[in-house]
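# here are the coordinates; sequence isn't available:
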């Protein structure tokens, strides 16, 4: 059963461009993970918040857990991005067709 993660990131003031640069490095690495089915990053049109929306689909919840153990996740997300965020919200879903 597919595992969907939707994350919203709001950078701290002045950090949006750095977050975008981190994501540009992160996305190709995630897309190469064997359990990743889809990974898209959206940048909000509201320049005030500079918010990002990450839409991720993994083959399973286990594949998502394995994603969180990768070197690139630990270094880029936990090490570089999270300290620059004012808000990080994550919600897990199942694709309705898979129910």
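Great, that's in hand. Source: prediction; values computed, not measured. Numbers count the residues shown, from 1 in each chain.

# Could you point out the longest helix of the protein?
When the chain is parsed with DSSP state H, its longest helix is helix 16-31.

# pLDDT on that helix, on average?
Per-region confidence: helix 16-31 scores 97 on mean pLDDT.

# Tell me which other helices or strands that helix touches.
Packing partners of helix 16-31 (3 or more CB pairs under 8 Å, 6 or more residues apart in numbering; DSSP states H and E): strand 3-11, strand 36-43, strand 52-58, helix 71-72. Just so you know, the C-beta spots here come from the backbone N, C-alpha and C atoms, and that holds for glycine as well.

# which residues are contacting the longest one?
It refers to strand 3-11. Residues lying outside strand 3-11 but in contact with it, judged by CB atoms under 8 Å, 6 or more residues apart in numbering, are 18-19, 49-61, 63-64, 81, 84-95.

# low-confidence ranges in the protein?
Counting by pLDDT under 70, the chain contains low-confidence ranges at 47-48, 98-99.
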